[in-house]
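Participant: dropping the sequence and predicted coords here.
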Amino acid sequence: MSRIRTIKPEFWTSDQVVACSLPARLLFIGLWNFSDDSGICPATPKRLKMQIFPGDDIDIETLCQWIEELKKQGLLTEYEVDNRCYYQITGWHHQRIDRPTFRFPKADGHIPKLTEFMFPPKKSAQNKKKTPNTANSSSISDSVAASGVVI
């Protein structure tokens, strides 16, 4: 099921985004529409071609090159669960989700339930302590957020 997503103005000047070719940027935006509310979609280039570029003469090899651009810039990660591959859009926390639906497993194999989204587990006082963000300890999502990629 496709979803309406928001593109914030900072997207257009993000260093990670502008480092990608124009078609890769369009693919990136298209991925938002066909990902679940965790920013996850099946890693099936043929399906993505049919969803995002249905009327365009684009071969799967070219689409895969654009996917590699997005991965190289840290905008997309790929993982496998139960012999199926998935793409995870990084920086997804910028999307406001009103009525979430989760269809695909996260990298740990878990598919979130609505109650987990609405009532996340409380963090202990020990977990609330902030640690400095170093290059070795930052995640891709942190680097995306710090770089200004907002989706």
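Facilitator: Sure, I can see it.
Participant: low pLDDT regions in the chain?
Facilitator: 1-4, 92-105, 107, 109-151 (pLDDT under 70).
Participant: show me where it has helices.
Facilitator: 15-18, 22-34, 45-52, 60-72, 114-118, 125-128, 140-147 (DSSP state H).
Participant: report the angle between the axes of the second one and helix 60-72?
Facilitator: Counting by axes from the mean of the first three to the mean of the last three CA atoms, to 10 degrees, helix 22-34 points 80 degrees away from the direction of helix 60-72.
Participant: make 41 the starting number, not 1.
Facilitator: Sure, I'll start counting at 41 from here, so that last one is helix 62-74.
Participant: what are the contacting residues of helix 62-74?
Facilitator: Here helix 62-74 makes contact (CB atoms under 8 Å, 6 or more residues apart in numbering) with 42-45, 47, 57, 60, 79, 81, 88, 91-93, 98, 102-103, 106-107, 109-110, 115-116, 127, 129, 135, 191. C-beta coordinates here come from the backbone N, C-alpha and C atoms, glycine included.
Participant: got the buried residues for that helix?
Facilitator: By neighbour count on 16 or more other CB atoms under 10 Å, the buried set for helix 62-74 is 63, 64, 65, 67, 68, 70, 71, 72, 74.
Participant: mind putting those in CSV, distance to residue 120 included?
Facilitator: Output for those, formatted as CSV (distance: CB to CB, whole Å):
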residue, distance to residue 120
63, 26
64, 23
65, 26
67, 21
68, 21
70, 22
71, 18
72, 22
74, 19
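Participant: which single one of those is nearest to residue 53?
Facilitator: The shortest gap between residue 53 and any of these belongs to residue 65, at 12.0 Å (CB to CB).
Participant: how close does the closest one sit to residue 92?
Facilitator: Between residue 65 and residue 92 the distance is 12 Å, computed by CB to CB, to the nearest Å.
Participant: and the contacts of helix 62-74, which are buried?
Facilitator: For these, a burial check counting by 16+ other CB under 10 Å picks out 45, 57, 60, 79, 81, 88, 92-93, 103, 106-107, 109-110, 115-116, 127, 129, 135, 191.
Participant: who touches stretch 103-120?
Facilitator: Stretch 103-120 is contacted from outside by 56-57, 59-61, 63-64, 67-68, 71, 83, 85, 88-89, 93, 125-131, 147, 180, 183-184, 189, using CB under 8 Å, 6+ apart.
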